[in-house]
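**Student:** Sharing a model prediction with you, sequence too.
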Amino acid sequence: MKSSLLTIATFYSLFHGFPLPLQATDLTPSKSFLTPPAQNLDSNPRTAEDYLERGVFYFQSGQYHKAIADYHQALKIAPQSAEAYNNLGNAYGQLSQYQKAISYFNQAIQIDPNYSQAFNNRANAYSHLQQEQKALADYNQAIEIEPNYSNAYFNRAVLYTELTQYHLALSDYTTAIAIEPQNAWAYNNRGNIYTRFNHYEKAMADFEQAINLNPLFAEAHFNLGALYAHLGNLQQARQNWQQASSLFQQQNNLQAYQFIQQALQKLP
């Protein structure tokens, strides 16, 4: 391969997929409401559940300070609500206030020691603070409480990858996929692990499956193109990178868009 060609290893750290992706794995609220609360709830919430529901709606729409206000209102009505403390931790996590997030996850766990999601979320916060051993202990605890908790396996795999424990990461991604076969991020990230092991056919299959599950998955398009480039199929690499470039541009990820444009220019 020509030395000027940008390879998989060159892009690995940028495009591996470590948001602790946020594709339903990182600091997510313990409820999921796909539609706004009823109009009367917006204007006159009465119960802790009302405030929690509206708080989740605000959280999902990115209005984290409003979500925090509603979660605090819920706690005034129900001071022992582990869910409200967990959701407060989520909101502060999204604001990158990880120490404060951890304090709320601690309270959720103190109230409910079997709250697997709070352990998972606290682990994510620890991971953001690069406290890897604390994060690992919490992921382990979340899985012990809930053995089929796919998000915890996924997030632990991300941590294992950061710790260069690739075989353990591979095992956890495979378990996450077995539990949640529609997790496109798990296929993408496992594809990167297979690439590290030079298992190119398996890597290609995983990137393709990630794209099948989510055709707008820019990172997977890029990774598949990088694999093709590594294998010398520059025409296919160009096609995948052009698709990734277009998707990143549509997503307003200009850093990634410009990065891939540079990569395309280096192709022979």
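**Tutor:** Structure received. None of the values given here were measured: they were computed from a predicted structure.
**Student:** going forward, measure contacts between C-alpha atoms and count neighbours the same way
**Tutor:** Will do.
**Student:** low-confidence ranges in the stretch 1-150 of the chain?
**Tutor:** Along the stretch 1-150 of the chain, segments meeting pLDDT under 70 span 1-43.
**Student:** Just the helices from it, written as ranges.
**Tutor:** In the stretch 1-150 of the chain, the segments counted as helices under DSSP state H, counting those that start in this stretch are 8-15, 39-43, 48-60, 64-77, 82-94, 98-111, 116-128, 132-145, 150-162.
**Student:** Packing partners of the fifth one?
**Tutor:** Helix 82-94 makes packing contacts with helix 48-60, helix 64-77, helix 98-111, helix 116-128 when contacts are defined by 3 or more CA pairs under 8 Å, 6 or more residues apart in numbering; DSSP states H and E.
**Student:** What helices and strands are in contact with the second one?
**Tutor:** It stands for helix 64-77. Using 3+ CA pairs under 8 Å, 6+ apart, helix 64-77 sits against helix 48-60, helix 82-94.
**Student:** Tell me the gap between it and the middle of its chain.
**Tutor:** With CA atoms, centre = their mean, to the nearest Å as the basis, helix 64-77 stands 25 Å off its chain's centre.
**Student:** same deal with the last one?
**Tutor:** The offset between the C-alpha centroid of helix 116-128 and the centroid of the whole chain comes to 12 Å, using CA atoms, centre = their mean.
**Student:** Just the angle for it relative to helix 98-111, thanks.
**Tutor:** For helix 116-128 against helix 98-111, the angle by axes from the mean of the first three to the mean of the last three CA atoms, to 10 degrees is 150 degrees.
**Student:** deepest of the helices and strands packed on helix 82-94, which one?
**Tutor:** Across the helices and strands packed on helix 82-94, the average number of neighbours (mean count of other CA atoms under 10 Å) peaks for helix 116-128, which reaches a mean of 28.
**Student:** Determine the angle, from 0 to 180 degrees, between that one and helix 132-145.
**Tutor:** Counting by the same axes, to 10 degrees, helix 116-128 lies at 160 degrees to helix 132-145.
**Student:** Who are the packing partners of helix 116-128?
**Tutor:** Counting by 3+ CA pairs under 8 Å, 6+ apart, helix 116-128 packs on helix 82-94, helix 98-111, helix 132-145, helix 150-162.
**Student:** rerun at 6 Å
**Tutor:** helix 98-111, helix 132-145 (3 or more CA pairs under 6 Å, 6 or more residues apart in numbering; DSSP states H and E).
**Student:** Give me the contacts around the first one.
**Tutor:** Counting by CA atoms under 6 Å, 6 or more residues apart in numbering, helix 98-111 makes contact with A82, Y85, N86, G89, Y92, G93, A118, R122, A125, all of which sit outside it.
**Student:** I'd like to check which residues are in contact with the last one.
**Tutor:** Contact partners of A125, counting by CA under 6 Å, 6+ apart, are Y98.
**Student:** Look up how far N114 lies from it.
**Tutor:** Separation of A125 from N114 (CA to CA, to the nearest Å): 18 Å.
**Student:** do the same with the fifth one
**Tutor:** Between Y92 and N114 the distance is 22 Å, computed by CA to CA.
**Student:** neighbour count winner among those two?
**Tutor:** The neighbour count for Y92 versus N114, taken as other CA atoms under 10 Å, is higher for Y92 (22 against 16).
**Student:** Contact partners for that one?
**Tutor:** Contacts of Y92 (CA under 6 Å, 6+ apart): A101.
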